[in-house]
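Colleague: here's my sequence, what's the structure:
(3 chains)
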Amino acid sequence: MPKKPLIQHSQDFRDALLDWFRDYQREMPWRNTDNPYYIWVSEVMLQQTQVKKVVDYYERFIERFPDVQHLAAAPLQDVLKVWEGLGYYARARNLHKAAQVIVNELGGEVPRDYATFRKLPGVGDYSAAAVQSIAFNEPYAAVDGNIKRVVARLFLMDAPVNDAKSAKQFQEQADELLDREAPGLFNQAMMELGATVCRPQSPTCLICPVNAFCEAFHTARQDEFPKRRKAKPVPEHHIAVGVIYRGDEVLITQRQLDGLLGGLWEFPGGRIADGETAEAACARNISEVVNLSVSDIKYLTRVRHAFTHFKIVVEVFVCDYQSGEVVLNGPRDAKWIQVEALSDYPLPRVTHKFKDKLIA
DNA sequence: AACGCGGGGGT
DNA sequence: ACCCCAGCGTT
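Modeller: Numbers count the residues shown, from 1 in each chain, chains lettered A, B, ... in the order given. Model (predicted):
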């Protein structure tokens, strides 16, 4: 005999959730606005990035690019500079490109239409639902990591939250729960609940406004959900990079726009091969990547950095330009600049970790 | 459907 | 050391 579901009337759940949200939501600079551009920018920044980290970036971004027109007209390098340190730089490139599409093809207004908005670069199912519901009150259920976790616990769902095959199941559950009268509030309330109460570890079920509806809480199994597929171990790579001095200038190279750290600037370098010394790898990579010969290679420091799928250990050297003209083999651009001008360029975090030692 | 793509906070 | 985060685009 099937058990009686805890959520018999979805409206009871919605009322409890929204009442809680009205009283306990956190202040955020993109709340209490209906400006779709503000909401869109915030949603892109919030992809895979926690609220706390986003706040400062959001304020600077809106100040620097106050509307779609300013963003569309700005050079990509300026956008990347504001995004520097936030990660997943394709978000910035896509946001910039989408602003240009809006200005050039869509009349300069953020489209108030799910299908049109969803087609913009960098806008997926989640962001389209979030922006359309929050900015325009359109009835689309957003499904992010928070909401998957909440739903998984509410209904004891076995589908792993980090598996693409599960997406449809979570979407269907969210669609069913959605408050179609207040979709924007509902989506935000579900996410807020996931972030502050229905947390991954140590959820505070005793103070949860919807614990009466939660199968996991009812059976004291909240720590078993959501299910998660095991992640693969991350490899570690060893890298050697060289800061090449020519007079009082150093050479920086710009990465290709696609791929890892796309469009950001760095010092030339590359992998250390098996059996190769770090110093030899530094000279070899400089030769291969920018076609220069260097001399007087001196060890500066070692920095470590973790990406999502691998870790790197970087041996940093300082050396002198000896001979050759810069020929790019890999980078999309190269420049000789004063060390003091480094701050004008968007740099990866790993470069920031040793740039102060350069000036000292 | 699987994978690449940052960086940091929390535990 | 590991998990997770207001995901998206490519293959």
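Colleague: so where is chain A shaky, pLDDT-wise?
Modeller: Chain A contains residues with pLDDT under 70 at A:1-3, A:360.
Colleague: any idea how far the closest residue to DNA strand C within the stretch 151-300 of chain A is from A:S127?
Modeller: The minimum distance from the stretch 151-300 of chain A to DNA strand C, using Cβ to the nearest atom of the strand, falls at A:P200 (3.7 Å). Every residue, glycine included, has its C-beta placed from N, CA and C. A:P200 sits 22 Å away from A:S127, going by Cβ to Cβ, to the nearest Å.
Colleague: please identify which of the two sits among more neighbours.
Modeller: A:S127 (22 against 14; other Cβ atoms under 10 Å).
Colleague: can I assume that one sits in a strand?
Modeller: No: A:S127: not assigned to a strand; according to DSSP: H, G, I helix; E, B strand; the rest coil it is helix.
Colleague: chain neighbours aside, what residue packs nearest to it?
Modeller: Once flanking residues are discounted, A:S127 sits nearest to A:E43: 5.0 Å by Cβ to Cβ, 6 or more residues apart in numbering.
Colleague: how about A:K357?
Modeller: A:T301 (5.5 Å).
Colleague: part of a strand, is that neighbour?
Modeller: Yes: the assignment for A:T301 by three-state DSSP puts it in a strand.
Colleague: ok, A:N32 - how many residues close by?
Modeller: 7.
Colleague: what about it, which SS state?
Modeller: Applying three-state DSSP: A:N32 is coil.
Colleague: and for A:K97?
Modeller: Applying three-state DSSP: A:K97 is helix.
Colleague: can you tell me how far A:K168 sits from A:V143?
Modeller: 10 Å.
Colleague: which of these two has more neighbours?
Modeller: A:V143 (24 against 11).
Colleague: help me confirm that that one comes into contact with A:G124.
Modeller: No: using Cβ atoms under 8 Å as the test, A:V143 is too far from A:G124 to be in contact (10.4 Å).
Colleague: now name the helix or strand holding A:I244.
Modeller: strand A:236-246 (DSSP states H and E).
Colleague: kindly apply the preceding question to A:T253 instead.
Modeller: strand A:249-254.
Colleague: just checking: what are the partner strands of the helix or strand that that strand is followed by?
Modeller: Next helix or strand after strand A:249-254 toward the C-terminus (DSSP H and E): strand A:265-266. Applying DSSP bridges, strand A:265-266 is found paired with strand A:249-254 (antiparallel).
Colleague: how far off centre is the partner strand?
Modeller: In terms of Cα atoms, centre = their mean, to the nearest Å, the gap separating the centre of strand A:249-254 from the centre of its chain is 27 Å.
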